[in-house]
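Participant: Predicted structure and sequence below. I'll ask about it afterward.
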Amino acid sequence: MTLYRPGRDVFLTSALEVAPKLLGAVLRHETAEGAVAVRITEVEAYIGDGVDPGSHSFRGRTKRNAVMYGGPGHLYTYFTYGMHVCANVVCSPEGVSSALLLRAGEVVEGVDLATRRRSGPSGRAIPERDLARGPARLVVATGILLSENGSDLFAPPFDLHLPAVQPPYETGPRTGVSGAGGSLTFPWRFWIPGDPTVSPYKRHPKSH
DNA sequence: TGTGGGATTCGCT
DNA sequence: GCGAATCCCACAA
């Protein structure tokens, strides 16, 4: 298991190149409640500065997306739909904007804690594979907070381990983003084929 | 200072 | 399958 650090190795390049290497990586987050770790199974690339209309940084740097320009290995969180938080891993060198949205993962540590966080006061049952299946679900399960925007993912309370051996992966077009049907047809999404934690409706974009 | 829209999820049908 | 919930941020005035 190799520990990569920000500013070095694979994280000094674009999200499109980092994506396959982040699949299978384990992201761990520790709080007073305990630790939860997820094995990343699905990511989506975003590139700013006029390249990708779907990116928050398409129109350049703003106060909101400043973290995306802050160097590789940092956490970019944002609030959306009035109720959800999503988490990204910044991949580009300082001054450049490129990141990976964590779309899905498998909880490999702290299943009980993750279940409590996801079920809330209702205490309803949640299938283990659904604990971190979906960007906002993954954030809830790991206990990542909006206020942790900008955190170094290679330092406590976080820890990011890349896999010694890269798992096989598949790519596909983006869905769920306005403007996704535009002229750009990069394979923005990357996932581990056959993994049950990958969003099912993303797994079969065209079921004809 | 006001306004419009969104990198989603859940529950009901 | 469909629609509601909900609030931060960017941008226009």
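Facilitator: Here it is on my side, so go on. Please read all numbers here as calculations on a predicted model, not as lab measurements.
Participant: and chain A, which residues reach DNA strand C?
Facilitator: A:56, A:59, A:62-65, A:78-79, A:81-83 (Cβ under 7 Å from any atom of the strand). Where you see a C-beta, it was placed from the backbone N, CA and C, and this is true even at glycine.
Participant: Apply 6 Å and report the result again.
Facilitator: Contacts of chain A with DNA strand C, taken as Cβ under 6 Å from any atom of the strand, map to A:59, A:62-65, A:79, A:81-83.
Participant: what does chain A have sitting close to DNA strand B?
Facilitator: A:46, A:54-56, A:80-82, A:84, A:86, A:88, A:99, A:101, A:134-137, A:176-178.
Participant: I'd like to know which of these are buried.
Facilitator: A:46, A:54-56, A:86, A:88, A:99, A:101, A:134-135, A:137, A:177 (16 or more other Cβ atoms under 10 Å).
Participant: pLDDT weak spots in chain A?
Facilitator: By pLDDT under 70, the low-scoring segments of chain A are A:1-13, A:175-186, A:200-208.
Participant: Sheet-wise, list the partners of the longest strand seen in chain A with their directions.
Facilitator: Ranked by number of residues, the top strand in chain A under DSSP state E is strand A:34-47. Sheet pairing here is set by DSSP bridges, and for strand A:34-47 it gives strand A:26-31 (antiparallel), strand A:98-109 (antiparallel), strand A:189-191 (antiparallel).
Participant: which parts of it are buried?
Facilitator: A:36-47.
Participant: Spit out the contact partners of the most centrally placed residue in chain A.
Facilitator: With distances taken as Cα atoms, centre = their mean, A:Leu102 lies nearest the centre of chain A, 1.5 Å away. Residues in contact with A:Leu102 (Cβ atoms under 8 Å, 6 or more residues apart in numbering) are A:27, A:40, A:42-43, A:86-89, A:135, A:138-139.
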